[in-house]
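Asks: dropping a prediction and its sequence here:
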Amino acid sequence: MTLLRYLIKRITGLVAVLLVMSFIVFCLQSIIPADPARAMAGPIASTATVEAIRTQLGLDDPVAVQYARFLSRLVHGDLGTSVRTRQPVAQDVLEYAMPSLELILMSTFLGLVLAGLLALMQQGFGRVGVVRVAIVSAGSTPIFLSALLLVYFFWFRLGWLPGTGRLSIPRFSGPTGFDLIDGILVGAPEISLDALRHVILPAFALALPIAVAVGRTLSSSLHDVMRQSYIRTARGKGLSETRVVLSHGLRNAASAPLAMTALQVRLIFGNLLIVEQVFARPGLGLYTVQAFASADLPAVLGVAMVFGTFYILVSILIEIGQSLSDPRILL
Amino acid sequence: MSALKAYVSAVEFLRRAGWLESAAIAGVLIVTLIAVFARWLTPFAPDLRVAEPYLAPSVMHWFGTDEIGRDLFSRIVLGIQYTWLPGLAIVVFSFAIGGFIGLIAGAMGGRIDLAIERTVDLFVVLPATLIALAMVVALGPGLANAMIAIIVFWWPVYARICRGEIRRLSALPHVEAARISGVRGPRLLLRYLLPGAMPALLVTATLDIANVIMTLSAMSFLGLGQPAPAPELGAMTARALESLTVYWWLPILPAAVIFLVCLLANLAGDGLRAALRGA
């Protein structure tokens, strides 16, 4: 019952945040300096024609009516038309969403694994100056620097991994859109392997900030938890140290790092733009960067709306995960 | 006597902050000075052709030269000004706006507090980076718009911290005593509450400089910051992206300087936090 009420509360919050976000997007959309009716009619059209188009576009209606119309289009999956590709933004986004989602999932996974290692290292050697400075350094590295260094060393200098694109073959599209899985599904595992080789460097670049932020949070909450009396009890009743750390320590320390993971998902999209640009890797990020260059506002706002919804959903999932790891949060 | 006191407190500060962090605090001050006086510190004219293009780093040109033969070291020194000063300005504005709003929320309580708190919550759950980017595209790229977009989404952190500190301090005996003896209104806020909230805010602000600079330079990298000839470090990196495999110093060195100033700022923040803890 409490869980149900909790879920209802969260979902109401979700809807409210989505409404606010859509309103911001709506406002941004309307501050385009040029008059859209005039732009459509052309420079030599008479004032009467412009007025007619204005009425036709509904630009004379009260703001509330315009916003309601905007919302109903959003709900029907209409994100407007891109100025650059001349295609519906929703269609463009669908085309690029899967490769980016693949990269995001890979890097989040990699980031969390690295965060665990980092937290253990900080627990063991956190007082050692070199380790401390190394961790602060990793947290001070702009994403484009780490991406550039990865490309420079592992692709250009050492030639270990490919540094650009998503695959070595020019065109491939499978049933799920995840190249890693599709290769196996269509019976060509070498494509999956190729996709894996292409995803490692960009995923690593994206994983680094996640690893540092989550690792530091995990380390400090583990540090507090491992000094609690229930840990002493667990040790006292003869549990193995692995068991003590994993099921008594980690579970109780999970809440803060989970919240930090949610925050990092928020930041990952900005980083995705940069990483996909540096690695020339087709995806939602590269699409957005190209939209910036041609001032393609509908595309930018469409992506913002889609990714914003994704982020809000993820943060709610994480919040539910938090309350599962620490039931006190429910109350 | 007061000289001795100053000496003792300086030694105490160094002991708490650690030597590396204290050096970083000095480093942050030096970077600020370099940023302010950059125009007078460049060995060559940063906007003019002074040598052959694409020279590798050498004794004459420490960081080499760029595609039109401008001295990269001089451009980076000036770039520190273009990157560091706007970063500081964003922190100062967010600090002032957020601090003020947090102060009001914490001191007023009741409905105003609730309204402000809900607004801050909303900002925290919105995908801020994305909306800020969209905002810059809508307003048109440029330094001022990039700064405005960042500040709009940056102040809530300060409001939240300041409000929390004010609420915590309000319950402390010295504030209680002041209130009983008839101190109220602005005087109570400015003399009894704000000084107590300062350390937490200052530490947050120092640790924030690196985040702000990385965000701002990322915006410039994406072409949403200052337009072409300005030697902003993130934009310099982006413009030289294609040269990576041939002239590595052109994209790597400006980005490496961003890394260095961010590292200094983060270490300084850690030092300040250690020194002010319990102070």
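Replies: Received the coordinates, thanks.
Asks: element containing the most centrally placed residue in chain B, please.
Replies: Nearest to the mean C-alpha position of chain B, by Cα atoms, centre = their mean, lies residue B:209 at 2.4 Å. For residue B:209, the element it lies in under DSSP states H and E is helix B:194-221.
Asks: what residues does the following helix or strand past that helix touch?
Replies: Scanning forward in sequence from helix B:194-221 by DSSP H and E, the next helix or strand is helix B:233-239. With contacts defined as Cβ atoms under 8 Å, 6 or more residues apart in numbering or on different chains, helix B:233-239 is touched by A:142, A:144-145, A:148, A:277, B:75-76, B:79-80, B:82-83, B:216-223, B:225-226, B:228, B:250-252, B:254-255, B:257-258. The C-beta positions use only the backbone N, C-alpha and C, and glycine is treated the same way.
Asks: could you pull up the contacting residues of residue 206?
Replies: Just so you know, I chose chain A. A:103, A:104, A:107, A:111, A:143, A:268, A:271, A:272, A:275.
Asks: actually it's chain B I care about, not the one you picked
Replies: Shown in contact with residue B:206 (Cβ under 8 Å, 6+ apart): B:28, B:265, B:268, B:269, B:272, B:273.
Asks: start and end of stretch B:38-48, how far apart?
Replies: Terminal residues of stretch B:38-48 lie 16 Å apart, using Cα to Cα, to the nearest Å.
Asks: chain B contacts on the stretch 201-331 of chain A?
Replies: A:266-267, A:269-271, A:273-274, A:277-278, A:288-289, A:291-293, A:295, A:297, A:300-301, A:303-304, A:307-308, A:311-312, A:315 (Cβ under 8 Å from any Cβ of the partner chain).
Asks: if we use 10 Å, what do you get?
Replies: A:209, A:262-263, A:265-271, A:273-274, A:277-278, A:280, A:285, A:288-289, A:291-293, A:295-297, A:299-312, A:315-316 (Cβ under 10 Å from any Cβ of the partner chain).
Asks: that older thread, buried ones in the helix holding residue B:209?
Replies: Buried positions in helix B:194-221, judged by neighbour count with 16 or more other Cβ atoms under 10 Å in any protein chain shown: B:194, B:196-197, B:199-201, B:203-221.
Asks: what parts of the stretch 1-150 of chain B come near chain A?
Replies: Residues of the stretch 1-150 of chain B found near chain A (Cβ under 10 Å from any Cβ) are B:18-21, B:24, B:118, B:121-141.
Asks: closest one of the contacts of residue B:206 to chain A?
Replies: Using Cβ to the nearest Cβ, residue B:265 is the member of the contacts of residue B:206 that lies nearest chain A, at 7.6 Å.
Asks: got a list of what residue A:124 touches?
Replies: Applying Cβ atoms under 10 Å, 6 or more residues apart in numbering or on different chains, we find residue A:124 in contact with residue A:131.
Asks: give the buried residues for the strand or helix carrying it.
Replies: Taking DSSP H and E as the criterion, residue A:124 maps to helix A:89-125. Residues A:89-90, A:92-93, A:95-100, A:102-104, A:106-108, A:110-112, A:114-116, A:118-119, A:121-122 are the ones in helix A:89-125 that count as buried (16+ other Cβ under 10 Å).
Asks: what's the mean pLDDT across it?
Replies: Averaging pLDDT along helix A:89-125 gives 88.
Asks: over to stretch A:279-290?
Replies: The pLDDT scores in stretch A:279-290 average 90.
Asks: ok now stretch B:249-256, how far from the chain's centre?
Replies: 21 Å (Cα atoms, centre = their mean, to the nearest Å).
Asks: now swap in stretch B:210-225 and tell me
Replies: Here stretch B:210-225 shows a centroid-to-chain-centroid distance of 12 Å under the convention Cα atoms, centre = their mean.
Asks: export it as CSV, just CAs?
Replies: In CSV, the C-alpha atoms belonging to stretch B:210-225 read as follows (Å, rounded to 0.1, in the frame of the first residue of the first chain):
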residue,chain,number,x,y,z
ALA,B,210,36.1,23.8,-11.9
ASN,B,211,32.6,22.6,-12.7
VAL,B,212,31.6,26.0,-14.1
ILE,B,213,34.7,26.3,-16.2
MET,B,214,34.3,22.8,-17.6
THR,B,215,30.6,23.6,-18.4
LEU,B,216,31.4,26.9,-20.0
SER,B,217,34.4,25.6,-22.0
ALA,B,218,32.2,22.6,-23.1
MET,B,219,29.7,25.1,-24.4
SER,B,220,32.4,27.0,-26.3
PHE,B,221,33.7,23.6,-27.6
LEU,B,222,30.2,23.0,-29.0
GLY,B,223,30.3,26.4,-30.8
LEU,B,224,27.9,28.1,-28.4
GLY,B,225,30.3,30.4,-26.7
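Asks: and residue 27, how many residues sit next to it?
Replies: Reading this off chain A. Neighbours of residue A:27 under the rule other Cβ atoms under 10 Å in any protein chain shown: 13.
Asks: right idea, wrong chain: chain B
Replies: Residue B:27 sits with 18 neighbouring residues when counted by other Cβ under 10 Å.
Asks: was I right about it contacting residue B:209?
Replies: No: look at residue B:27 against residue B:209 with Cβ atoms under 10 Å: they stay out of range, at 12.0 Å.
Asks: just give me the closest of the contacts of residue A:206 to residue B:6.
Replies: Ranked by distance to residue B:6 (Cβ to Cβ), the contacts of residue A:206 are led by residue A:143 at 42.2 Å.
Asks: for residue B:52, helix, strand, or coil?
Replies: coil (DSSP: H, G, I helix; E, B strand; the rest coil).
Asks: backbone phi and psi for it, please?
Replies: phi -60, psi 150 (degrees, to the nearest 10).
Asks: for it, give me its contacts.
Replies: B:61, B:65, B:69.
Asks: residue A:264 in helix, strand or coil?
Replies: Judged by three-state DSSP, the three-state class of residue A:264 is helix.
Asks: who's in contact with the spatially closest residue to it that is not a sequence neighbour?
Replies: Closest residue to residue A:264 apart from its sequence neighbours, by Cβ to Cβ, 6 or more residues apart in numbering or on different chains: residue A:210 at 4.7 Å. Residues near residue A:210 by Cβ under 10 Å, 6+ apart: A:107-112, A:114-115, A:260-261, A:263-265, A:267-268, A:271.
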